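>>> Quick one: sequence plus predicted model below, questions after.
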Amino acid sequence: MCADNRSTILKPHEEGSSDAAQAATEALAHERDRLRLLLDVNNAIVSTLDMPDVFAAISAFCRDVVHHEYTSLALLEKETKTLRLFALDFPGGQGHVKEDMVIAISDPPASLAIERREPARFDVALLEQSPAEICKLMLAEKLQSGICFPLATRNGVLGTLNVASFRADAFSDEDLELLAQVAGQVAIAIENVLAYCENAELKNKLAEEKLYLEDEIRTAFHFEEIVGDSPALKEVLRQVETVAPTASTVLLLGETGTGKERIARAIHSLSPRKENSFVKINCSAIPAGLLESELFGHEKGAFTGAIAQRLGRFELAHRGTIFLDEIGDVPLELQPKLLRVLQEQEFERLGGTRSIRVDVRVVAATNRDLSAMVAERQFRSDLFYRLNVFPIVMPPLRERTEDIPALVRYFARNYSRRMKKKIESIPTEAMEALVRYPWPGNIRELENYVERAVILSPGAVLRLNTSELSAAPDPGARGGVSTLAEAERQHILRALEESHWVIGGPSGAARRLGLKRTTLQSRMAKLFITKPT
């Protein structure tokens, strides 16, 4: 009897002990799973710097411990002050919420987490109350509850880690606490990855800039290298001094060899950007298929042979000046992207999706008639108007003949110094022949001619073979098109001079030539005719 009573008394006690032991075991197992999750997340973070791989691993680990259907990572883009959905793990989604979406930083529920720097729960009621597009899309995905975790570091908030479920009230306080710890580790990982990427990009940029700077040192600009004192050149330099302090786009017009690059360098050297890079690119010297990559850069794997990321010229010119020589040779299909940089100062690298913002002053140059190209649909009119903010017309050498003696002496002195020669005099007759010659190749042709003369001069007197000049054709004998253009130019100049540069009215040049005022102005622009100061 006593034994039976003792058995009866002990049985409930044993059952209670068993339940407590089972609960303790389950708690230990749950704690083990939590710690394992944090360890797995940590291992995923330290094993790679590839953010998509890190996110995929973290999302899978979290789903194993906390049941949910939706995980996303939104990163803050400081320049645009928006959030971009960098990564998304949502196998049950209907496609309303997508990777690479842009979300306003003021839109809930992410805005709540970022402002308070603490997890922000959301439910259907909050989503329905908000007019934000992201809330409408989450409702369309039939998500019932979720939490946004701020990715906070000592340097600020980097974005949000977001989880959501098709079930209402899917996340307990314990889940929130665990995922907040995961978000803390993710924030550290992202900060490290961003620092690594910034360092890699900076290293890349410095390496690219080093190549450009080495080239720039060889061709460094000195203002005294612009030689001459003619009224035509003085007018150009006056315009340079006017526009250089601004950030406006400049378009240099004129024949080949008139010194457009030196004027571009002068604009940069007189601008507030002079301490930063001057990056040049000859648009006609690069094959059309490679020009986009040269201008805007490319991502690794963007095309066959793209074995590494490369920065384009616009990135290298950040906070400086880019000189786009022969802008008229940019292919039509590339012109919209160039227009976007001029308008918005942003672009994407070839093969990339992330918009890159730059602060670049553009100086462009061409020897082509862009207005005629626009009329012939060979050049976009909107790009032309964007480039033609401040045009400067470079005079050909035949219109500044008074500068030829100074240029000859300058080139002779430079090349004799390089060749360790001592040229002390230039025959007067030879100099007069150089002044008379029309120089169809302009300053470049004159420079090459003087260099050849220095090479052939054995003594202190510059030996000039003027027979080469008399044998060469002048601009009036270069074929029918050039002859007509030059004749028309001289005819218009005469009429303008006779009318004291008055274009319209009864005594204006347009009436003398039998043309409409607008037609004459169009011809003047085409032939690079400007009023002298």
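Noted; the coordinates are in hand.
>>> Return the alpha-carbon coordinates of stretch 384-395 using PDB.
Output of stretch 384-395 as PDB, limited to C-alpha atoms (Å, rounded to 0.1, in the frame of the first residue of the first chain):
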ATOM      1  CA  PHE A 384      25.000  70.700 -80.900                       C
ATOM      2  CA  TYR A 385      23.100  73.200 -78.900                       C
ATOM      3  CA  ARG A 386      24.400  71.800 -75.700                       C
ATOM      4  CA  LEU A 387      28.000  72.100 -77.000                       C
ATOM      5  CA  ASN A 388      27.600  75.500 -78.700                       C
ATOM      6  CA  VAL A 389      27.200  77.500 -75.400                       C
ATOM      7  CA  PHE A 390      30.300  79.600 -76.000                       C
ATOM      8  CA  PRO A 391      31.900  79.100 -79.400                       C
ATOM      9  CA  ILE A 392      35.300  80.400 -80.200                       C
ATOM     10  CA  VAL A 393      36.400  80.600 -83.800                       C
ATOM     11  CA  MET A 394      40.100  80.000 -84.300                       C
ATOM     12  CA  PRO A 395      41.500  82.100 -87.200                       C
END
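>>> now residue 520, nearest residue through space, not along the chain?
Of all residues not flanking residue 520 in the chain, residue 510 sits nearest, at 4.4 Å (CB to CB, 6 or more residues apart in numbering). Any C-beta I mention is one placed from the backbone N, CA and C, and that applies to glycine too.
>>> can you give me the strands in the stretch 251-400 of the chain?
278-282, 321-325, 346-348, 355-357, 361-366, 390-393 (DSSP state E, counting those that start in this stretch).
>>> Would you mark the buried spots in the fifth one?
Neighbour counts using 16 or more other CB atoms under 10 Å place 361-366 of strand 361-366 among the buried residues.
>>> Contacts for it, please.
Here strand 361-366 makes contact (CB atoms under 8 Å, 6 or more residues apart in numbering) with 247, 249-253, 260-261, 264, 267-268, 271, 273, 320-328, 341-342, 387.
>>> Which helix or strand lies directly C-terminal to the helix or strand that contains residue 180?
Element membership of residue 180 [criterion: DSSP states H and E] is helix 173-218. Using DSSP H and E, the helix or strand that follows helix 173-218 in sequence is helix 231-243.
>>> show me where pLDDT drops low in the stretch 201-350 of the chain?
Along the stretch 201-350 of the chain, the parts satisfying pLDDT under 70 run over 201-225.
>>> 80 instead?
The model of the stretch 201-350 of the chain has pLDDT under 80 over residues 201-225, 288-289, 300-309.
>>> returning to that earlier point: my guess is the residue nearest to residue 520 is in a helix, correct?
Yes. Counting by DSSP: H, G, I helix; E, B strand; the rest coil, residue 510 is part of a helix.
>>> okay, it: pLDDT?
Per-residue pLDDT puts residue 510 at 81.
>>> Tell me who's in contact with the residue most central in space within the chain.
When the chain is reduced to its mean C-alpha position, the nearest residue by CA atoms, centre = their mean turns out to be residue 314, at 3.9 Å. By CB under 8 Å, 6+ apart, the residues touching residue 314 are 295-297, 322, 341, 347, 358, 360.
>>> So residue 528, which state does it fall into?
Going by three-state DSSP: residue 528 is coil.
>>> Do I have it right that it meets residue 254?
Yes. The pair residue 528 / residue 254 is scored as a contact, 6.2 Å apart, by CB atoms under 8 Å.
>>> list residues touching both of the two?
Counting by CB under 8 Å, 6+ apart, the residues touching both residue 528 and residue 254 are 393-395.
>>> count of residues packed around residue 169?
Neighbour count of residue 169, defined by other CB atoms under 10 Å: 10.
>>> Per-residue pLDDT of the closest residue to it other than its chain neighbours, please?
For residue 169, ignoring the flanking residues on the chain, the nearest one in space by CB to CB, 6+ apart is residue 145 at 5.7 Å. Note for residue 145: predicted pLDDT of 94.
>>> Pairing-wise in the sheet, spell out the partners of residue 145.
residue 123, residue 165 (DSSP bridges).
>>> Residue 167 is in contact with that one, correct?
Yes. Using CB under 8 Å, residue 145 is in contact with residue 167, at 6.7 Å.
>>> give me the element the nearest residue to residue 415 once chain neighbours are set aside is part of.
Counting by CB to CB, 6+ apart, residue 415 lies nearest to residue 454, which is 4.2 Å off, once chain neighbours are set aside. Per DSSP H and E: residue 454 is located in helix 442-456.
>>> Where does the record place the domain boundaries for this protein?
Domain ranges of the chain: 31-195, 222-393, 397-468, 484-527, per the TED database.
>>> What is the distance between the first one and the centre of its chain?
The chain centroid and the centroid of domain 31-195 are separated by 31 Å, computed with CA atoms, centre = their mean, to the nearest Å.
>>> After the helix or strand that contains residue 57, heading C-terminal, what element do we hit next?
Per DSSP H and E: residue 57 is located in helix 51-65. As assigned by DSSP H and E, the chain's next helix or strand after helix 51-65 is strand 70-77.
>>> where do the helices sit along the stretch 351-500 of the chain?
Here the stretch 351-500 of the chain has its helices, by DSSP state H, counting those that start in this stretch, at 370-375, 381-387, 404-418, 428-436, 442-456, 467-471, 480-498.
>>> With the flanking residues excluded, which residue is spatially nearest to residue 447?
Counting by CB to CB, 6+ apart, residue 411 is the residue found nearest to residue 447 once chain neighbours are left out, at 5.2 Å.
>>> Quick check, that neighbour in contact with residue 452.
No. Residue 411 lies out of contact with residue 452 (CB under 8 Å); the separation is 10.6 Å.
>>> still on that earlier bit, which among the helices of the stretch 351-500 of the chain is found nearest to residue 517?
Closest to residue 517 of the helices of the stretch 351-500 of the chain, according to CB to CB: helix 480-498, at 12.5 Å.
>>> Give me the residue ranges of the stretch 51-200 of the chain where confidence is low.
51-65, 78-80, 189, 192-200.
>>> in stretch 504-524, what's buried?
508-513, 515, 520, 523-524.
>>> Now do stretch 356-365: distance to the chain's middle.
Centre-to-centre, stretch 356-365 and its host chain are 7 Å apart (CA atoms, centre = their mean).
>>> Over to stretch 350-357?
For stretch 350-357, the distance to the chain centre is 9 Å (CA atoms, centre = their mean).
>>> Could you list the buried residues of it?
Neighbour counts using 16+ other CB under 10 Å place 350, 352, 355-356 of stretch 350-357 among the buried residues.
>>> list the helices and strands the helix holding residue 57 packs on?
When contacts are defined as 3 or more CB pairs under 8 Å, 6 or more residues apart in numbering; DSSP states H and E, helix 51-65 packs onto helix 2-47, strand 70-77, strand 82-89, helix 173-218.
>>> and the angle for that helix with strand 70-77?
140 degrees (axes from the mean of the first three to the mean of the last three CA atoms, to 10 degrees).
>>> sorry, back to before: list just the one of the strands of the stretch 251-400 of the chain that sits closest to residue 152.
strand 355-357 (24.7 Å).
>>> Run through who's touching that closest one.
Residues contacting strand 355-357 (CB under 8 Å, 6+ apart): 79-80, 315, 345-349.
>>> Would you convert those residues into CSV that also reports neighbour count and distance to residue 235?
Below are these laid out as CSV (neighbours: other CB atoms under 10 Å; distance: CB to CB, whole Å):
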residue, neighbour count, distance to residue 235
79, 9, 40
80, 14, 42
315, 23, 35
345, 15, 31
346, 14, 36
347, 22, 35
348, 15, 41
349, 22, 41
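>>> ok, of those, which one's closest to residue 121?
Once CB to CB is applied, the member of these that ends up nearest residue 121 is residue 80, at 27.3 Å.
>>> helix/strand/coil for that closest one?
From three-state DSSP, the assignment for residue 80 is coil.
>>> distance of residue 361 from residue 177?
Going from residue 361 to residue 177 by CB to CB, to the nearest Å gives 52 Å.
>>> Residue 345 now?
Distance from residue 345 to residue 177, counting by CB to CB: 44 Å.
>>> Likewise for residue 307?
Residue 307 is 45 Å from residue 177, by CB to CB.
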